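1. Give me a 3D structure for the following:
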Amino acid sequence: MKKQYIKPKNISLKTYKKQLQSDLGAILVAEKADSEVNGYINTKQDGEGVIVEVVLYDKNEPANYKEGVYGNKPYHTGHKSNFKKIKGNISKKLGERPHDII
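-> From the prediction side, this is the model:
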């Protein structure tokens, strides 16, 4: 499941990510190599604003994967974080975010 939000200008990206995790009851940023996360966050610049994309996993994902290539080098290869599914109806929580949804 994927949703995009517009980050409010009066808050830092780090704080906004923490708020998203708290509001959704999900872990989206791996703090340690063996963190169990429910998905991940992508960000992209849109003019003066920042679009935050939240991707949640529907089922357990393998921990050892290749996420992309940057400067001809793969990144996140052999990622140690485990992914776990969120319990409950996350669609309702995603629809209740107080920020603009794209």
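2. So for the lengthiest helix in the chain, what gets flagged as buried?
-> Selection of the longest helix in the chain by residue count, based on DSSP state H, yields helix 13-24. The neighbour-count check on helix 13-24 (16 or more other C-beta atoms under 10 Å) flags 16-17, 19-21, 24 as buried. C-betas here are computed from N, CA, C, even on glycine.
3. Next: stretch 39-47.
-> 39-41.
4. Run through this protein and note the low-pLDDT ranges.
-> 33, 59-82, 90-102 (pLDDT under 70).
5. which residues of it fall in helices?
-> Using DSSP H, helices in the chain cover 13-24, 90-95.
6. Present the buried residues of helix 13-24 as JSON lines; the columns should include distance to residue 35.
-> JSON lines is the format used below for the buried residues of helix 13-24 (distance: C-beta to C-beta, whole Å):
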{"residue": "16", "distance to residue 35": "19"}
{"residue": "17", "distance to residue 35": "14"}
{"residue": "19", "distance to residue 35": "18"}
{"residue": "20", "distance to residue 35": "16"}
{"residue": "21", "distance to residue 35": "12"}
{"residue": "24", "distance to residue 35": "16"}
